[in-house]
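A.B. asks: could you look at this predicted model? Sequence included:
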2 protein chains.
Amino acid sequence: MSTKHPKPAVHAKRPKPARRKPRADAQRNRERVLEVSKQAFTRYGASASLDDIAKEAGVGAGTLYRHFPTRDALIEAVYRTEVEKLAAAEGKFAESLPPLEALRAWMKLFVDYVEAKHIIAPALNTYAGGASKLYETSKTQISGAINALVKRAIQSGDIRKDLEPFDLLRALIGVASVASSPDWPQSAKRLVDILIAGSRPTTQN
Amino acid sequence: MSTKHPKPAVHAKRPKPARRKPRADAQRNRERVLEVSKQAFTRYGASASLDDIAKEAGVGAGTLYRHFPTRDALIEAVYRTEVEKLAAAEGKFAESLPPLEALRAWMKLFVDYVEAKHIIAPALNTYAGGASKLYETSKTQISGAINALVKRAIQSGDIRKDLEPFDLLRALIGVASVASSPDWPQSAKRLVDILIAGSRPTTQN
DNA sequence: GCTAAAGTGGAGACCGTCTCCGTATAAGAT
DNA sequence: ATCTTATACGGAGACGGTCTCCACTTTAGC
């Protein structure tokens, strides 16, 4: 074996362990699980049976758990793109609207997202019990968005200087977690207006 | 049996089925379960094992489930008194404080209650999944309280006429459901102030 | 005391979670 | 084309929680 080629380090994507290319079936299964999960979560809520999801996706339970070790990991993966879109909307609003209206529009968009996929809200909150660090990135993205919007609105003088952006976010998550009653979306949007009104500089009394 | 006494309708508490007095042991067991549940819920959250609770209370699982057919029923029973106290505080504040401050004080008291017993908030919300009608009475009590406070504050001109009291309540429940981060109580109270500021009549702009 | 109504308790059926490991298969080397 | 081996698969089964069922016990009322 002294004639063997020198290490093909030129082709290696990763310098360290010289990894092998990921298997095609693994990738396929992962996507199928994700697909089925999305439907299952919207249909049955966050407590949908994972074994059922695995079955419907045509994979064994072991496969599902290998790709997504915990329920949280799965939820996070499912809603990662949604959260990214929501965070991205911040930029668009910031460009096309005056500061205060951009903030208002984004907050109402948040409500819309939660209305469609009501699992997002608990996913952004640490939720009851386990303080998993999995949602950290999602949280960071959303925090970044509202931070930018509030900062801009403060600079333009539309919002009190001492307002904590995170307070607003917490209120938003909270309001969104309460999903009872049919007129919830209207109520949530009225609340956005109240929150913004309450965040303006105190010109009165 | 023709000599038997005439129906002792005089002593009957209930006219219809002439019920027998409830058994002493049943009452005792019920209270023990309630006692243990209260501790278990504060220690392990709303998902504490019911079988464990039964075991610790020294009763069989069957007994627990007979008294409280569902988890919700048990939670409701445990926090019924707390909710009653909270609702009762409305009267006190209404007497001793000006309308707006009474509302503010009550809302902050709400936050304090939730901080101590973080299960109250989900109990007031329908929560994810099943729309059980069990919390109806609790909800009604709390709704009544905030309704009275808001109405008074509207009449004194401190609050916009078109404000939906239930919107405020929903925000409160929502904010209270978000229990992450150590400075949550401060944040929640800042939010109460924001909500109230946002509910004032629009003298500006 | 007697008796029927009321209540008890725990075995066990059921269901969801998650692990373990023997088997299958794709990727890369020859 | 075949071999080798890292990678992935899947489902049986251990585990733990929920909830029911019913043979047995206890109590209230006479």
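C.D. replies: Good, I have the coordinates.

A.B. asks: so what's the residue nearest the centre of chain A scoring on pLDDT?
C.D. replies: Of all residues in chain A, the one closest to the mean position by C-alpha atoms, centre = their mean is A:V83, 3.3 Å from it. The pLDDT attached to A:V83 in the predicted structure is 91.

A.B. asks: who does the helix or strand hosting it touch, helix- and strand-wise?
C.D. replies: When elements are assigned from DSSP states H and E, A:V83 belongs to helix A:71-96. Helix A:71-96 makes packing contacts with helix A:24-44, helix A:99-116, helix A:120-124, helix A:136-155 when contacts are defined by 3 or more C-beta pairs under 8 Å, 6 or more residues apart in numbering or on different chains; DSSP states H and E. Where you see a C-beta, it was placed from the backbone N, CA and C, and this is true even at glycine.

A.B. asks: one more time with 10 Å
C.D. replies: For helix A:71-96, the helices and strands in contact under the criterion 3 or more C-beta pairs under 10 Å, 6 or more residues apart in numbering or on different chains; DSSP states H and E are helix A:24-44, helix A:50-56, helix A:61-67, helix A:99-116, helix A:120-124, helix A:136-155.

A.B. asks: comparing these by mean pLDDT, which bottoms out?
C.D. replies: For those, the weakest mean pLDDT is recorded on helix A:120-124, namely a mean of 73.

A.B. asks: please see if that one touches chain B.
C.D. replies: Yes - applying C-beta under 10 Å from any C-beta of the partner chain, one finds that helix A:120-124 is in contact with chain B at A:121-122, A:124.

A.B. asks: from the residues you listed, pick the one nearest A:K92.
C.D. replies: A:L124 (20.4 Å; C-beta to C-beta).

A.B. asks: residues contacting that closest one?
C.D. replies: Taking C-beta atoms under 10 Å, 6 or more residues apart in numbering or on different chains as the definition of contact, the neighbours of A:L124 are A:79, A:83, A:86, A:110, A:114, A:135, A:138-139, A:141-143, A:169-170, A:172-173, A:176-177, B:178, B:180.

A.B. asks: 6 Å - rerun?
C.D. replies: By C-beta atoms under 6 Å, 6 or more residues apart in numbering or on different chains, the contact list for A:L124 reads A:139, A:173.

A.B. asks: how near is it to DNA strand D?
C.D. replies: Shown here: A:L124 relative to DNA strand D, a distance of 26 Å by C-beta to the nearest atom of the strand, to the nearest Å.

A.B. asks: how close does that residue sit to B:S156?
C.D. replies: 38 Å (C-beta to C-beta, to the nearest Å).

A.B. asks: same deal with A:E35?
C.D. replies: Following C-beta to C-beta, the distance that separates A:E35 from B:S156 is 56 Å.

A.B. asks: neighbour-wise, which of those two wins?
C.D. replies: Set A:E35 next to B:S156 and count neighbours by other C-beta atoms under 10 Å in any protein chain shown: A:E35 wins out with 14 against 11.

A.B. asks: domains for chain A, by residue range?
C.D. replies: The record's domain parsing of chain A by automatic domain parsing lists A:22-69, A:79-199.

A.B. asks: please identify the deepest-packed of these.
C.D. replies: For those, ranked by mean neighbour count under the definition mean count of other C-beta atoms under 10 Å in any protein chain shown, the leader is domain A:79-199 at a mean of 18.
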